[in-house]
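A.B. asks: let me see the structure of the following:
(2 chains)
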Protein chains: 2
Amino acid sequence: MTDAPKDIEALIEVMARLPGLGPRSARRAVLHLIKKRGQLMRPLAEAMTRVADTARECLNCGNIGTADLCPICADDRRENGQICVVEDVADLWAMERGGAFQGRYHVLGGTLSALDDVGPEDLHIPKLIDRIRAERAAEVILALNATVDGQTTAHYIAGEIEGMGVSVTSLAQGVPIGGELDYLDDGTISAALKARKTL
Amino acid sequence: MTDAPKDIEALIEVMARLPGLGPRSARRAVLHLIKKRGQLMRPLAEAMTRVADTARECLNCGNIGTADLCPICADDRRENGQICVVEDVADLWAMERGGAFQGRYHVLGGTLSALDDVGPEDLHIPKLIDRIRAERAAEVILALNATVDGQTTAHYIAGEIEGMGVSVTSLAQGVPIGGELDYLDDGTISAALKARKTL
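C.D. replies: Here you go, the predicted model:
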């Protein structure tokens, strides 16, 4: 593919397997790394080794931390009876950046998908039901993506939880803060209109 | 920025400094790496350390290799009196993928730029002139990008070499192989028309 030495070829090949990078941008990234061997490449390799050594999934919620329990599950103040169900750790981080949620999370690790053969067990849904019982949760907030797969999964979970005496909610849909109507899709506009509020 | 453990935050920050990755895609890449710690993250860290240990610039042409001379400069069969001047190692690799050039290269490491304070010394142009003399080159091929900066640099080099008794050429400009006229910019089409050939 290139005429680079074998070690560099191998590095480009591994880099190209990262999401968001293809063979072309992997080559560019590797050349940049080689130019900045001292300031960038070594620190990156060391940071990577450190994370590979320490990172692990929280046994309770599936978040990524460095101990059996992630900082959120280890913090008693976050046990407020609310469990926020998210697809992925990236979504958990996004919720935490928002800073509005004070409860605990449950990371599904994906969405239900007949095509990709992803069933309820793969998504830790039985684990979620155990947690609702064990933590005596009062509310389960389904913060799943507003995609077809996300919403299908939300409906499945809502069905499974029904009758457990826990209230099930989902994130509001509408116009994003700072959003301009002209740039929004029709679905969002009609959802926002349907859910309109009196001022 | 995220609520991730400090080591992971640090890794995301370093990743985000790669070209083509921003904070958002760096987060996504790091999460993917953590999920595939064994198959992807460790091999990547090891490949990176290996390259950081071995990669170095060829003392003659600026290509990246693992010895004082890159494989091309170390290969006597490539000393055919042609020196191909490229901006960057990525361009050298692109030329090698083409497989049509049998001579040696000279990597400038950028283009002349008054704004960024890049002068002839920064681009190893004096080194190029030394090489033309020492290797008794017959032809210098300026394979610089068809951008304003690339072409300015090409003209400067052509001026410096003038009178050294070496022929100076540049890559042909025209319609790319497989290119459709309807998708080409006007500049390319008029360049291709001006340089038209009898069939």
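A.B. asks: outline the domain layout of chain A.
C.D. replies: When chain A is parsed into structural domains using automatic domain parsing, the resulting residue ranges are A:6-54, A:76-170.
A.B. asks: adding mean pLDDT, write those domains out as a markdown table.
C.D. replies: Written out in a markdown table, the entries for these read as follows (pLDDT from 0 to 100):
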| stretch | mean pLDDT |
| --- | --- |
| domain A:6-54 | 92 |
| domain A:76-170 | 92 |
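A.B. asks: count of neighbours near residue A:65?
C.D. replies: Applying other Cβ atoms under 10 Å in any protein chain shown, we find 23 residues neighbouring residue A:65. From N, CA and C alone the C-beta is placed, and that goes for glycine too.
A.B. asks: which residues does it form beta bridges with?
C.D. replies: For residue A:65, the beta-bridge assignment (DSSP bridges) gives partners residue A:56.
A.B. asks: just checking, it touches residue A:75?
C.D. replies: No: Residue A:65 sits out of contact with residue A:75 when judged by Cβ atoms under 8 Å, with a separation of 11.4 Å.
A.B. asks: distance from the chain centre to stretch A:37-56, please.
C.D. replies: The chain centre lies 22 Å from the centre of stretch A:37-56; the measure is Cα atoms, centre = their mean, to the nearest Å.
A.B. asks: please disregard the earlier target; I meant stretch A:147-165.
C.D. replies: Offset of stretch A:147-165 from its chain centre (Cα atoms, centre = their mean): 17 Å.
A.B. asks: can I get the CA coordinates of it in PDB?
C.D. replies: Output for stretch A:147-165, consisting of C-alpha atoms alone and laid out as PDB, is shown next (Å, rounded to 0.1, in the frame of the first residue of the first chain):
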ATOM      1  CA  THR A 147     -33.400   6.600  16.300                       C
ATOM      2  CA  VAL A 148     -35.600   3.700  15.200                       C
ATOM      3  CA  ASP A 149     -33.400   1.200  17.000                       C
ATOM      4  CA  GLY A 150     -33.200   3.300  20.200                       C
ATOM      5  CA  GLN A 151     -36.900   3.800  20.300                       C
ATOM      6  CA  THR A 152     -37.600   0.100  19.700                       C
ATOM      7  CA  THR A 153     -35.300  -0.800  22.600                       C
ATOM      8  CA  ALA A 154     -37.000   1.800  24.800                       C
ATOM      9  CA  HIS A 155     -40.400   0.300  24.100                       C
ATOM     10  CA  TYR A 156     -39.200  -3.200  24.800                       C
ATOM     11  CA  ILE A 157     -37.700  -2.100  28.100                       C
ATOM     12  CA  ALA A 158     -40.800  -0.200  29.100                       C
ATOM     13  CA  GLY A 159     -42.800  -3.400  28.400                       C
ATOM     14  CA  GLU A 160     -40.500  -5.600  30.500                       C
ATOM     15  CA  ILE A 161     -40.600  -3.100  33.500                       C
ATOM     16  CA  GLU A 162     -44.400  -2.700  33.400                       C
ATOM     17  CA  GLY A 163     -46.100  -3.800  36.600                       C
ATOM     18  CA  MET A 164     -42.900  -3.500  38.700                       C
ATOM     19  CA  GLY A 165     -44.300  -0.300  40.300                       C
END
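A.B. asks: okay then, goodbye and thanks.
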